[in-house]
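Participant: Sequence first, then the predicted structure:
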Amino acid sequence: MNINTMKHEAQLSHRTRWFAGILFTFVIATLGYFLAKLPGFQLTGQLASAIFIAIVYRQVAGYPELFREGITFSSKKILRFAIVLYGIKLNVGFIVHDGLSIILMGVGVILFSFIASHWLSKLLKADRSITTLLAAGTGICGAAAIAAVAPIFRSKDEDTAIGVGIIALFGTIFSVGYTVIRPLLSFSPSEYGVWAGISLHEVAHVALAAAPAGEEALAMALLAKLGRVFLLVPVCLILIYLISRKRDKGESSTIPFPWFLVGFVVMSLVGTYVLGPVVPFTEDAMQMVNTVTTWCLTAAMVGLGLNVSLKDLKTKALRPVFVLLIVSTSLSTLTYVLVKVIY
């Protein structure tokens, strides 16, 4: 066997392992999809269910080293691709023309989430990395926000996966809680929608909480939520600036610019001003994009979940969970009062 043949076989083997690793993350994502159909997991959703399976697999079988390159590709590249696609959901026109007050409320929600989380993390001596990621997920848009800010804070994959899992679980619990207490509130459908949109974590959580209140509530909830999603890019740019200034002189101050956020903005503009107004784009086509986004994001989170070791989970995650509980509960209460005053 000559050297060229050996190199070819090595390259083929590398490509095979790479592809197999990507396929492995999508297989677990599929298992998460079916797990989410079972009683007890229906409310957690595909994303959290897939992360749960990935974490269990890691503890039982260990990290699949043979597939490492493909798994890393899913957790890095496919994740960024999913966030870019996520931008199509953001209708810039609605926000610019109708959402100034909602954007201002969104700014307040984000500031409260970061400041309160930072203060509580010091008070409770919680893990700073996980708490910061949870603050981003709470204030902006759940898993997508955590994934976007993680490279800026140079968070470990393990911390990112833990943060996503926690935010998915708590967002689901709060969404169900909203639907339970809604009949007891003196809210009109539009008021309830705004409240859900500015206080809940994920877009899916907002839809889950607002849909039972009717189409008017759902429309206002999604508008309010999209106002916070709209702030994802400026928040990331501000964080890059602040962290660059804060770094020690002896440490590299260069933070890799998250170029995928440029893609997020571009896709937002395309979704607003091209798809529909210029190029025909049906609801079915949008649903297909949403499905692809969900599956890519789930496969990426599987890659992150495989990095989670339960040995440190109890000591690292317990206190951030308390921080998230306090911040989320306070946020729901304060925004409830705010909506009552404004509307």
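Facilitator: Received the coordinates, thanks.
Participant: Kindly format the C-alpha coordinates of stretch 92-110 as PDB.
Facilitator: In PDB, the C-alpha atoms belonging to stretch 92-110 read as follows (Å, rounded to 0.1, in the frame of the first residue of the first chain):
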ATOM      1  CA  VAL A  92     -38.600  43.800  11.600                       C
ATOM      2  CA  GLY A  93     -41.500  45.800  10.200                       C
ATOM      3  CA  PHE A  94     -43.800  45.100  13.100                       C
ATOM      4  CA  ILE A  95     -41.100  46.000  15.600                       C
ATOM      5  CA  VAL A  96     -40.100  49.300  13.900                       C
ATOM      6  CA  HIS A  97     -43.700  50.500  13.300                       C
ATOM      7  CA  ASP A  98     -45.700  49.200  16.200                       C
ATOM      8  CA  GLY A  99     -43.300  48.100  18.900                       C
ATOM      9  CA  LEU A 100     -41.400  51.100  20.300                       C
ATOM     10  CA  SER A 101     -43.000  50.800  23.800                       C
ATOM     11  CA  ILE A 102     -42.500  47.100  23.700                       C
ATOM     12  CA  ILE A 103     -38.900  47.500  22.800                       C
ATOM     13  CA  LEU A 104     -38.400  49.800  25.700                       C
ATOM     14  CA  MET A 105     -40.000  47.300  28.000                       C
ATOM     15  CA  GLY A 106     -37.700  44.600  26.500                       C
ATOM     16  CA  VAL A 107     -34.700  46.700  27.300                       C
ATOM     17  CA  GLY A 108     -35.900  47.000  30.900                       C
ATOM     18  CA  VAL A 109     -36.500  43.200  31.100                       C
ATOM     19  CA  ILE A 110     -33.000  42.500  29.800                       C
END
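Participant: Could you find the residue nearest the spatial middle of the protein?
Facilitator: The C-alpha lying nearest the average C-alpha coordinate of the chain belongs to residue 143 (C-alpha atoms, centre = their mean; 1.2 Å).
Participant: Now the strand or helix carrying it - C-alpha only, CSV.
Facilitator: Secondary-structure element containing residue 143, defined by DSSP states H and E: helix 142-153. Output of helix 142-153 as CSV, limited to C-alpha atoms (Å, rounded to 0.1, in the frame of the first residue of the first chain):
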residue,chain,number,x,y,z
GLY,A,142,-34.1,31.4,25.8
ALA,A,143,-31.8,28.8,24.2
ALA,A,144,-31.0,31.0,21.1
ALA,A,145,-29.7,33.8,23.3
ILE,A,146,-27.7,31.4,25.5
ALA,A,147,-26.1,30.0,22.3
ALA,A,148,-25.4,33.5,21.0
VAL,A,149,-23.7,34.8,24.1
ALA,A,150,-21.8,31.7,25.1
PRO,A,151,-18.9,32.3,22.7
ILE,A,152,-18.7,35.9,23.9
PHE,A,153,-18.3,34.8,27.5
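Participant: where does the stretch 51-200 of the chain dip in pLDDT?
Facilitator: By pLDDT under 70, the weakly predicted segments of the stretch 51-200 of the chain are 96, 98-99.
Participant: can you list contacts of stretch 272-279?
Facilitator: Defining contact as C-beta atoms under 8 Å, 6 or more residues apart in numbering, one finds that stretch 272-279 is touched by 88, 90-93, 281, 285-286. Bear in mind the C-beta positions are built from the backbone N, C-alpha and C, glycine included.
Participant: now swap in stretch 167-177 and tell me
Facilitator: Defining contact as C-beta under 8 Å, 6+ apart, one finds that stretch 167-177 is touched by 43-45, 47-48, 51, 134, 137-138, 142-143, 146, 200-202, 204-206, 208-209, 324-325, 328, 332.
Participant: Please apply the same query to stretch 283-302.
Facilitator: The contact list for stretch 283-302 (C-beta under 8 Å, 6+ apart) reads 22, 25-26, 28-29, 32-33, 46-47, 50-51, 53-54, 71, 74-76, 78-79, 81-83, 85-86, 88-89, 143-144, 147, 161, 164, 275.
Participant: again, but for stretch 87-104
Facilitator: For stretch 87-104, the external contacting residues (C-beta under 8 Å, 6+ apart) are 194, 197-198, 203, 223-224, 226-227, 229-231, 263-273, 275, 286, 289-290, 293, 342.
Participant: Can I get the buried part of those residues as one PyMOL selection?
Facilitator: For anyone working in PyMOL, the buried entries among the contacts of stretch 87-104, judged by 16 or more other C-beta atoms under 10 Å, can be selected with:
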select buried, resi 194+197+198+203+223+224+226+227+229+230+231+263+264+265+267+268+271+272+275+289+290+293
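Participant: Select from the contacts of stretch 87-104 every entry located in strands.
Facilitator: In strands, defined here by DSSP state E, there are no members of the contacts of stretch 87-104.
Participant: ok so, going back, counting by contacts, list what the helix holding residue 143 packs against.
Facilitator: The helices and strands touching helix 142-153, judged by 3 or more C-beta pairs under 8 Å, 6 or more residues apart in numbering; DSSP states H and E, are helix 79-86, helix 128-136, helix 157-181, helix 203-210, helix 232-246, helix 283-305.
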